[in-house]
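J.: Sequence and predicted structure are below.
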Amino acid sequence: MAKIAFLGTGNMGAPMSRCLLKGGHEVTVWNRSFDKAKALEKDGAKVAGSIGQAVAGADAIFTMLTDDKACRDVWTGPGGVLSSAPKNGAIAIESSTVSNAWVMELAGLATGKGLRFVDCCVAGRPDAAEAGVLHVFCGGPKDAVAEVKEIVKPYTKSFSHFGAAGMGNAFKLIYNVMGAVHVAALGEAMQACEAAGIDLTAAANAFSIGNTNSGHVIRHSKYMATGKHESPVGFSPKGRIKDTMYGVEYIERVGGQSRIGRAAADVFGQAVDVGMGELNDSELIDALRKVHAKKS
């Protein structure tokens, strides 16, 4: 079993840490909001008061943070991982949904400090993390990725290695753009059904069993039909926009096209515009109701 430092114990980091603990790993947690890390003590985690304390002697250092800025601060800021990392060839494991440009920069910085770098992104919501059924997308050297695959088994449903460092993140960004498109299109379709006088429960069922179905459609259509959404919030419109735009920027930089991705981000922007950016992405239908009520 591995000695793990897990930095970032929010909606995803906390259940991922609990799974690693259940898998028999020794896990030390750290979070900018200390209380969120402290809550994991009852599950068997050691709680660190600093990043340096968390990573001391670690075999694997995970980060699960909000965005590029938060990530950069934790890795490169004063007292950050790169100034505190053990000199034992530990694996630096970036699991946050951040830009590919930052992941590639971090890979170079971490390698320069003698760490082995793996981007190890996950797909799934907090409930999937809690149940240990996340899909894992990795990039990095084969030997390090093989070690990571064994470490993350407690929260893994499927594991894919996409190539060199940065490629797991690259796939995750493209994957998230596609997911955002599904949810944005569903929100518009369900609002259109309502405007046409179509029963939303019947619509949700038909979308879910026809060729329009996907995991997102099946899950979100029920929320949209019933008006009963996740609590606490599973994934917000603001989060959708952040992830989607990281993906759009990457896709366009490598020569791909993402017009539909940009449109999806714009649809979620309507939720932000009506003050619903911090709610569930499934509440997009309510945001669209507000938008169209203003127009009528």
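T.: Thanks, I have it.
J.: is it true that A164 touches G140?
T.: Yes: A164 is within contact range of G140, at 7.0 Å (criterion: C-beta atoms under 8 Å). C-beta coordinates here come from the backbone N, C-alpha and C atoms, glycine included.
J.: With neighbour numbers in mind, choose between those two.
T.: G140 (28 against 15; other C-beta atoms under 10 Å).
J.: Spatially nearest residue to the more buried one, not counting backbone neighbours?
T.: V118 (3.6 Å; C-beta to C-beta, 6 or more residues apart in numbering).
J.: In contact with the one you found, which residues?
T.: 91-94, 138-141, 144-145, 148, 165, 168 (C-beta atoms under 8 Å, 6 or more residues apart in numbering).
J.: Mark which of the residues you listed are part of strands, please.
T.: 91-94, 138-139 (DSSP state E).
J.: Check those residues for burial and list the buried ones.
T.: 91-94, 138-139 (16 or more other C-beta atoms under 10 Å).
J.: Dump those residues to JSON lines, plus distance to A195 and pLDDT.
T.: Listed next are those as JSON lines, based on distance: C-beta to C-beta, whole Å; pLDDT from 0 to 100:
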{"residue": "I91", "distance to A195": "52", "pLDDT": "97"}
{"residue": "A92", "distance to A195": "50", "pLDDT": "97"}
{"residue": "I93", "distance to A195": "46", "pLDDT": "98"}
{"residue": "E94", "distance to A195": "43", "pLDDT": "98"}
{"residue": "C138", "distance to A195": "44", "pLDDT": "98"}
{"residue": "G139", "distance to A195": "44", "pLDDT": "98"}
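J.: Those into CSV, with extra columns for distance to M276?
T.: Output for those, formatted as CSV (distance: C-beta to C-beta, whole Å):
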residue, distance to M276
I91, 39
A92, 36
I93, 33
E94, 30
C138, 34
G139, 34
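J.: now, among these, which is nearest to N211?
T.: C138 (31.1 Å; C-beta to C-beta).
J.: That closest one pairs with what?
T.: C120, H161 (DSSP bridges).
J.: For the closest residue in space to A58 that isn't next to it in sequence, list each beta-bridge partner.
T.: In this structure, A58 finds its nearest non-sequential neighbour in A5, 4.1 Å apart by C-beta to C-beta, 6+ apart. On the basis of DSSP bridges, A5 is bridged to T28, I61.
J.: Could you count how many residues lie near A5?
T.: For A5, using other C-beta under 10 Å, the count is 30.
J.: I figured it hits V55, correct?
T.: Yes: with contacts counted by C-beta under 8 Å, A5 reaches V55, the gap being 4.4 Å.
J.: Tell me the residues that contact both of these two, please.
T.: What both A5 and V55 touch, as defined by C-beta under 8 Å, 6+ apart, is the set I61.
J.: Out of the buried ones among the ones in strands among the contacts of V118, flag the one nearest to I198.
T.: C138 (42.6 Å).
J.: any idea how far L82 is from that closest one?
T.: 21 Å (C-beta to C-beta, to the nearest Å).
J.: ok, I93 - contacts?
T.: Listed by C-beta under 8 Å, 6+ apart, the contact set of I93 reads 60-63, 118-120, 148.
J.: Would you mark the buried spots in the top helix by length along the chain?
T.: Determined from DSSP state H, the single longest helix within the chain is helix 167-196. Along helix 167-196, these residues count as buried under the neighbour rule (16+ other C-beta under 10 Å): 167-191, 193-194.
J.: try stretch 98-113
T.: 98-100, 102-107, 109-110, 113.
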